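[1] The amino acid sequence is not available; the structure is as follows:
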């Protein structure tokens, strides 16, 4: 995570949120040893990534369509590496499951420096993930966050089993169960295809959590600088179905 490309703090913050936003960004900089956040803004390394939230979402889904059709673009990684040495300005941040079958950069046919990705089993927004998304938005200027769930999620399935059997799994896995349990319990009350419903509800819950996360993400959403949406990755086709776009 580079600390030389802080470009949105001087332009994205509304007056009523200025103090909180600057404090939060400064805290990120100190945590990373990044006094360089105070340096003057310079041109973004990938100007094509400077997009509105709606344009960023369209670009993301256009990339998914290419991926599904098997016509992914050829990425010039050599020159991308050179351009990104001094900074980054991703056009979207993705909270994805850690499942090895889910790779956001492939699923959206994205190049290096395009996506800021956080991955955790069950794609839920814990404290560290929220902080990472705050960094993506307040420091890197990302206009879009996508919470990406997927079919047959093992973490959600394990949560349902743990609740049903009233037996916690071993090791540190109960921390995943605790995070996913609200969505799992809601789905269990509905009946039917409980796993699919729990996967969907878990995405919806975490979209809502990120949209309301104060003081940085909720302020960006209120000002129209940030869109937070959800999606379900279909294992059989590679298609991402958007949900929770309101």
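    Received, thanks. Being a predicted model, the structure only gives us computed values, none of them experimental.
[2] For the residue nearest to residue 91 when sequence neighbours are not counted, give me its contacts.
    For residue 91, ignoring the flanking residues on the chain, the nearest one in space by Cβ to Cβ, 6 or more residues apart in numbering is residue 49 at 4.0 Å. Using the backbone N, CA and C atoms, a C-beta is placed for each residue, glycine as well. For residue 49, the contact set (Cβ atoms under 8 Å, 6 or more residues apart in numbering) comprises 89, 90, 91, 113, 114.
[3] could you redo the last one with a cut-off of 7 Å?
    89, 90, 91, 114 (Cβ atoms under 7 Å, 6 or more residues apart in numbering).
[4] Check the secondary structure at residue 117 for me.
    Per DSSP: H, G, I helix; E, B strand; the rest coil, the local secondary structure of residue 117 is strand.
[5] Low-confidence bits of the protein, can you list those?
    For the chain, the stretches with pLDDT under 70 are 1-41, 246.
[6] Which residue ranges of it form strands?
    All strands of the chain, identified by DSSP state E, fall at 92-96, 115-119, 144-150, 227-233, 240-243.
[7] With mean neighbour count and distance to residue 220 as extra columns, can I get those in a markdown table?
    Shown next, in a markdown table, are the strands of the chain (neighbours: other Cβ atoms under 10 Å; distance: least, Cβ to Cβ, whole Å):
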| stretch | mean neighbour count | distance to residue 220 |
| --- | --- | --- |
| strand 92-96 | 27 | 11 |
| strand 115-119 | 21 | 14 |
| strand 144-150 | 27 | 9 |
| strand 227-233 | 24 | 9 |
| strand 240-243 | 17 | 20 |
